[in-house]
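[1] generate a structure from the sequence data that follows.
(one chain, ligands or ions: 1)
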Amino acid sequence: MKKKMVAGNWKMNTDFQEAEDLLYSIEDLLADKGPDTNVVICTPYPFLELATDRSSETELFAVGAQNVSSFEDGAYTGEVSARMLDSIGVSYCIIGHSERRKYFKEDNATLAQKVKMALKYDMAPIFCVGEVLEEREANRHFDVIRQQIEESLFDLDDGDFENVIIAYEPVWAIGTGKTATPEQAEEVHAFIRSLVREKYGDDMAEKLYILYGGSCNAKNAADLFAQLDVDGGLIGGASLKAEDFVSICVQASK
Ligand code: PGA
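    Purely as a prediction, here's the structure:
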């Protein structure tokens with residue numbers, strides 16, 4: 001079985017001092033517990049270099065951004081490019097988080113561009129998919145997820161797709177305390193893997209990391225991670241508490 005991956009998504013939280021304290025606490029706990037897990041920490045942009053400095057010193061975790069521009073360079077005031085992120089040692093990038101889709105109107109075509117930018121500059125996209133509550137209630141979640149994946153990822157060639165990570169995050173479970181049951185998560189993860197198998201073949205489907213996100217915490221992580229197709233987690237709220245985050249990393253290493 002492949003080593004699991006746990007990625008922390010800090011979202012728009014912490015100031016510089018809090019970010020530094022949180023990173024040091026996570027580092028200490030990771031060094032102490034030594035989980036056999038791929039750990040990724042996705043901080044806000046202003047703290048990424050702090051995080052990459054620490055990660056290159058300790059090698060306890062890798063660093064991810066939470067977004068990237070769909071443009072490459074130039075007159076795009078306020079944007080942050082993939083080249084900039086790559087140049088400070090960022091190796092992962094969350095793309096298509098439901099909060100970006102909802103508040104910043106990012107659609108599948110724009111997200112496809114962002115995925116390409118990240119890959120061009122050697123970052124692994126953590127591509128988020130998931131349905132809103134009405135879509136689940138109407139039993140449309142499989143169609144929604146299929147469309148998100150087909151429209152943003154499926155024109156990648158094999159060499160690019162093998163660097164993609166998919167995170168299933170049911171929108172109704174994000175920040176709500178309502179986690180998908182392990183069975184609900186597994187059903188969708190297996191579906192995602194089957195789509196990838198159909199398009200890219202068995203090897204690619206087996207290698208693909210599919211993370212679960214949405215109110216995953218130190219109490220429910222073990223049950224979720226025990227599912228066959230759950231290769232780890234994308235953790236929001238619980239990644240802001242060092243003890244909880246590292247406990248999740250430890251549970252992933254079993
Ligand atoms: P949550 O967020 O763990 O706070 O639900 C997960 C995410 O949005 O990535």
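[2] make it CA atoms for all contacts and neighbour counts henceforth
    Noted.
[3] and the residue of the stretch 1-150 of the chain closest to the ligand?
    Asn9 (5.6 Å; CA to the nearest ligand atom).
[4] mind checking pLDDT for that residue?
    For Asn9, the pLDDT comes out at 98.
[5] over to Asp36?
    97.
[6] again with Lys178
    85.
[7] so what's it closest to, chain neighbours aside?
    Ser215 (6.3 Å; CA to CA, 6 or more residues apart in numbering).
[8] neighbours around that neighbour, how many?
    Neighbours of Ser215 under the rule other CA atoms under 10 Å: 24.
[9] and it, how far from Glu243?
    Applying CA to CA, to the nearest Å, the value for Ser215 to Glu243 is 16 Å.
[10] same for the helix or strand where Leu22 lies, what does it pack against?
    Using DSSP states H and E, Leu22 falls within helix 16-33. When contacts are defined as 3 or more CA pairs under 8 Å, 6 or more residues apart in numbering; DSSP states H and E, helix 16-33 packs onto helix 48-58, helix 242-252.
[11] would you mind naming what in the stretch 1-150 of the chain lies close to the ligand?
    Contact residues (CA under 6 Å from any ligand atom) of the stretch 1-150 of the chain with the ligand: Asn9.
[12] for the stretch 1-150 of the chain, just list every one of the strands.
    Along the stretch 1-150 of the chain, counting by DSSP state E, counting those that start in this stretch, strands occupy 5-9, 38-42, 62-65, 92-95, 124-129.
[13] so what's the gap between the third one and the chain middle?
    So that's strand 62-65. Distance, stretch centre to chain centre, for strand 62-65: 10 Å (CA atoms, centre = their mean, to the nearest Å).
[14] try stretch 193-201
    20 Å.
[15] buried set for that stretch?
    Neighbour counts using 16 or more other CA atoms under 10 Å place Arg193, Ser194, Leu195, Val196, Arg197, Tyr200 of stretch 193-201 among the buried residues.
[16] okay, the fifth one and Asn67: tell me how far apart.
    For Arg197, the distance to Asn67 under the criterion CA to CA works out to 27 Å.
[17] before we move on, what about the first one?
    In this structure, Arg193 and Asn67 are separated by 24 Å, where distance is defined by CA to CA.
[18] if we can go back for a sec, tell me the most buried of the helices and strands packed on helix 16-33?
    Neighbour counts (mean count of other CA atoms under 10 Å) averaged over each of the helices and strands packed on helix 16-33 peak at helix 242-252, with a mean of 23.
[19] ok, and does the strand or helix carrying Leu211 reach over to the ligand?
    If you go by DSSP H and E, Leu211 is part of strand 209-213. Yes. Under the criterion of CA under 6 Å from any ligand atom, the ligand is reached by strand 209-213 at Gly213.
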